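Structure for this input, please:
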Amino acid sequence: MNAPSSMRIAAMRPCCRLLLLGSGQSAVIFPKYPLIFPKCSQIRPVASASAVDESNRRPVAPAIAVSSAGQIRTSVEPSSTKTFEHIYMQGLAGKPLVIERIEPGTLAEPAAVPAVEKDRVPQVPGKEEVEKGRKESEEEKEAWRLLMKSVVSYHGSPVGTVAADDPATVGHMLNYDQVFLRDFVPSALAFLLKGETEIVKNFLLHTLQLQSWEKTVDCYSPGQGLMPASFKVRNMPLADGNEAYEEVLDPDFGESAIGRVAPVDSGLWWIILLRAYGKISGDYALQERVDVQTGIKLILNLCLTDGFDMFPTLLVTDGSCMIDRRMGIHGHPLEIQALFYSALRCAREMIIPNEGSKNLIRAVNNRLSALSFHIREYYWLDMKKVNEIYRYKTEEYSYDAANKFNIYPEQIPSWLGNWIPDKGGYLIGNVQPAHMDFRFFLLGNAWAIASSLTTPWQAEGILNLIEDKWDDIVGHMPLKICYPALEFDEWRIITGSDPKNTPWSYHNGGSWPTLLWQFTLACIKMGRPELARKAVMVAEKRLAKDKWPEYYDTRSGRFIGKQSRLYQTWTIAGYLTSKLLLERPEMASILTCEEDLELLEGCSCSLKRSARSRCSRPAAKSQLLT
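Alright, predicted model coming up:
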């Protein structure tokens, strides 16, 4: 204790930690009961997004205090005696608290947004201005009423929306009464586009506090930076036994989910939503907070960790995304790659450049460059590519092999030849050694367009295919999560005879109205909003009458899903977000990413030094529209 200005951690007992603040100040932290006192459960909403030291423009970390009940709380208000200096914190739940001083000058001033770029950002109208706009239809009014009804509050403040509020399922809700990170994204965008920002800000901050909890499966902990799939507000009795209760947030990292799979997409969606919140609300101070910057970096470090995989795509298990059951998408599924690319693009905009982040930014740029080329080159399929695969030679061993993944031409499915149009194409579902998943996945293709993972030429081809195959992908209810369905022996082998993923149901070729907003975003970005309007018109003929189901069954989407929950929140929010985007299409530009030509130049290989480092970077550039 010979340096009173520094902070140290001293272990007391296994059940507690003593936080020494210097000058005789101390506070005891009790990580013994992680469910009763999770690290986010005591974080109260604060009035300001961030306290900022105006003298050097650095975020000021909140002070931590511990109440008489052992509750961790935060405040941005200065202490009556001494305040914390700028600190970086990790691991408030169940682990020793690690605190490192950030020395003066290590946080660079956030890069200023050019005036031209600020002028280009459309201004979001306030709540009153929105309400004075176009007259809402009865379906929209009902949708807003149901969306507001689904809002979950925590200590009196809104923090999210439940997955479904179906009165018919009371008593056997499973986890539909929880707030899912991926499900909340369309709800968040609907609120933001309506001028309501508080719930989104609270959601971002509270889920950030849930990050890296030590929930486990069979005593094995997930990687630091993992975001939960969902959380639930629970009333837990206080330890004093006086029948008092405290609200806590109980996260689920997959340890109680069907299949016990950790969500890969939750952290990616969190970064994407954080960027959207800043651009729509104008509250960029939230992104600059120390804890938020740390959260972004933890997610990126988890995703960018080196491993055995040779590809720039993200290697994941089945059930790690929206398709959260066994459906043969393990490996490098398109949905995860599109979200991964988008999250990297968004994070690159928000990370404050300084000495500590320069290596991370370099890694992000290198991964973006490799990932964009890999997807554009190896996932793209049109008639020209089908003919190439049909004539592939196998067992090619060389750096210049045409059939780099040893794909057997016999893998081309019989339905593909008559399905893919002469003009148009799409990104296939998966590529890995000796395997190409030729199924069409709507979410991955739509988000690849929105994030500019595809070239403009490829994006046009995807929309051309959807328009040409409208009856297959839209039919009586948009939109097919994948096409075609797995049937017969293929269904039995790949899904394990899953009784919920039967052919043309649920994930196996079911129609999901929530995908409307992502399809709308892609259409507006490519200057074809009429396609989105047509799909929305198809949906609104039935959604309200059918009580807003989660999904629809049959090849054309005529039946309400046999196990579909009604009043599904992201069905409601997807419809509302699509309507808002079509009403104000200029808002779509702040939710998407434009083509970055520098990524095509930023190849990390050195062509002149080694024959091992060959790539076809000019091939990707040649596909750009001029």
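
can you list contacts of whichever strand or helix holds residue 492?
Element membership for residue 492, per DSSP states H and E: helix 488-495. Here helix 488-495 makes contact (Cβ atoms under 8 Å, 6 or more residues apart in numbering) with 325, 326, 327, 328, 485, 486, 497, 498, 501, 502, 503, 508. Every residue, glycine included, has its C-beta placed from N, CA and C.

Identify the residues contacting the helix or strand following it?
Next in sequence after helix 488-495, counting helices and strands by DSSP H and E, comes helix 516-525. When contacts are defined by Cβ under 8 Å, 6+ apart, helix 516-525 is touched by residues 186, 189, 442-443, 445-447, 449-450, 459, 462-463, 466, 478-479, 529-532, 535-536, 539, 573-575, 577-578, 581-582, 585, 588-589, 591-592.

how far does stretch 215-232 stretch from start to finish?
Taking Cα to Cα, to the nearest Å, stretch 215-232 runs 14 Å from one end to the other.

Report the buried residues of stretch 355-372.
By 16 or more other Cβ atoms under 10 Å, the buried positions in stretch 355-372 come out as 357, 360-361, 363-372.

JSON lines for those residues, including secondary structure, pLDDT and distance to residue 395?
Below are the buried residues of stretch 355-372 laid out as JSON lines (DSSP: H, G, I helix; E, B strand; the rest coil; pLDDT from 0 to 100; distance: Cβ to Cβ, whole Å):
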{"residue": "357", "secondary structure": "coil", "pLDDT": "96", "distance to residue 395": "45"}
{"residue": "360", "secondary structure": "helix", "pLDDT": "97", "distance to residue 395": "40"}
{"residue": "361", "secondary structure": "helix", "pLDDT": "96", "distance to residue 395": "41"}
{"residue": "363", "secondary structure": "helix", "pLDDT": "96", "distance to residue 395": "35"}
{"residue": "364", "secondary structure": "helix", "pLDDT": "97", "distance to residue 395": "36"}
{"residue": "365", "secondary structure": "helix", "pLDDT": "95", "distance to residue 395": "36"}
{"residue": "366", "secondary structure": "helix", "pLDDT": "95", "distance to residue 395": "31"}
{"residue": "367", "secondary structure": "helix", "pLDDT": "96", "distance to residue 395": "30"}
{"residue": "368", "secondary structure": "helix", "pLDDT": "97", "distance to residue 395": "33"}
{"residue": "369", "secondary structure": "helix", "pLDDT": "95", "distance to residue 395": "30"}
{"residue": "370", "secondary structure": "helix", "pLDDT": "95", "distance to residue 395": "26"}
{"residue": "371", "secondary structure": "helix", "pLDDT": "97", "distance to residue 395": "28"}
{"residue": "372", "secondary structure": "helix", "pLDDT": "96", "distance to residue 395": "29"}
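
Now tabulate these in JSON lines and tack on distance to residue 303.
Formatted as JSON lines, those follow (distance: Cβ to Cβ, whole Å):
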{"residue": "357", "distance to residue 303": "15"}
{"residue": "360", "distance to residue 303": "11"}
{"residue": "361", "distance to residue 303": "14"}
{"residue": "363", "distance to residue 303": "10"}
{"residue": "364", "distance to residue 303": "10"}
{"residue": "365", "distance to residue 303": "14"}
{"residue": "366", "distance to residue 303": "13"}
{"residue": "367", "distance to residue 303": "9"}
{"residue": "368", "distance to residue 303": "12"}
{"residue": "369", "distance to residue 303": "16"}
{"residue": "370", "distance to residue 303": "14"}
{"residue": "371", "distance to residue 303": "11"}
{"residue": "372", "distance to residue 303": "16"}
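
Go through those and name the one nearest residue 226.
residue 360 (17.6 Å; Cβ to Cβ).

That closest one reaches residue 300, doesn't it?
Yes - assessed by Cβ atoms under 8 Å, residue 360 is found in contact with residue 300 at 6.2 Å.

For residue 210, which non-adjacent residue is spatially closest?
With sequence-adjacent residues excluded and distances taken as Cβ to Cβ, 6 or more residues apart in numbering, residue 210 is closest to residue 251, at 4.4 Å.

Give me the phi and psi angles of the one you found.
For residue 251, the backbone dihedrals (degrees, to the nearest 10) come out as phi -90, psi 160.

Could you count how many residues lie near it?
Number of residues near residue 251 (other Cβ atoms under 10 Å) recorded here: 26.

same question, residue 148
Counted with other Cβ under 10 Å, residue 148 comes out at 12.

got it, and residue 374?
Using other Cβ under 10 Å, residue 374 has 18 other residues around it.

So it versus residue 431, what's the distance?
Applying Cβ to Cβ, to the nearest Å, the value for residue 374 to residue 431 is 8 Å.

Could you tell me which residues touch both of these two?
Taking Cβ under 8 Å, 6+ apart as the contact rule, residue 374 and residue 431 both touch residue 313.

And the residue nearest to residue 192 when sequence neighbours are not counted, how far from residue 155?
In space, and not counting its chain neighbours, residue 192 is closest to residue 280: 4.4 Å by Cβ to Cβ, 6+ apart. In this view, residue 280 and residue 155 are 25 Å apart by Cβ to Cβ.

now swap in residue 218 and tell me
34 Å.

ok, those two, which is more surrounded?
Using other Cβ under 10 Å, the more surrounded residue of residue 218 and residue 155 is residue 155, with 16 against 6.
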